[in-house]
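J.: Okay, here's the prediction I keep looking at, along with the sequence it came from:
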Amino acid sequence: QAAKAEIPAMAALASLRDQAEADLRALGAFLPAATGAARLPNCFSVALPGKPAETQVIALDLAGFAVSAGSACSSGKVKRSAVLAAMGYPDDIAGSTIRVSFGVGTTAAQLAHFCSAWQRLAGRSAAPHTEAVTLD
């Protein structure tokens, strides 16, 4: 019953996630995710090839955001994502991807603010990501 009561909140989180991902893609971001796969509604990954994930974590921390350079189970470890490597992503993607998690108290405005901070970090205008990534 408790889980059923949370379903509307999870749908709202998924909607926030999808909007943040669309906003980031419009800024030229690459989001490594399995297309069509069931995913958690409260997190996403975004890659910035050419900027190590650890550098992004520090810069976004200074901007007021707590993000991670790996999965929750690899917290505190500094190495490229084993999950993204297993999915077939090359080192430049796996080593430059951060994980963004949020909760039921997160607002659309807060995620929009994150997207602005990410854009400043990326130093990009609103140009789409054009580099193709082929997975095996």
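T.: Received the coordinates, thanks.
J.: The longest helix seen in the chain packs against which elements?
T.: Ranked by residue count, the top helix of the chain under DSSP state H comes out as helix 2-26. Packing partners of helix 2-26 (3 or more C-beta pairs under 8 Å, 6 or more residues apart in numbering; DSSP states H and E): strand 43-47, helix 108-122. (Each C-beta comes from the backbone N, C-alpha and C, glycine too.)
J.: So which bits of the last one are buried?
T.: By that I understand helix 108-122. 111, 114-115, 117-119, 121-122 (16 or more other C-beta atoms under 10 Å).
J.: Stretch 43-60 now?
T.: 43-48, 51, 53, 56-57, 59-60.
J.: Can you mark which positions in the helix or strand of the chain with the lowest mean pLDDT are buried?
T.: When the helices and strands of the chain are scored by mean pLDDT, DSSP states H and E, helix 82-86 comes last with a mean of 83. Judged by neighbour count (16+ other C-beta under 10 Å), helix 82-86 contains these buried residues: 83-84.
J.: what separates the helix or strand just after it from the chain centre, distance-wise?
T.: The element immediately downstream of helix 82-86 (helix or strand, assigned by DSSP states H and E) is helix 91-94. Here the centre of helix 91-94 is set off from its chain's centre by 14 Å, with C-alpha atoms, centre = their mean, to the nearest Å.
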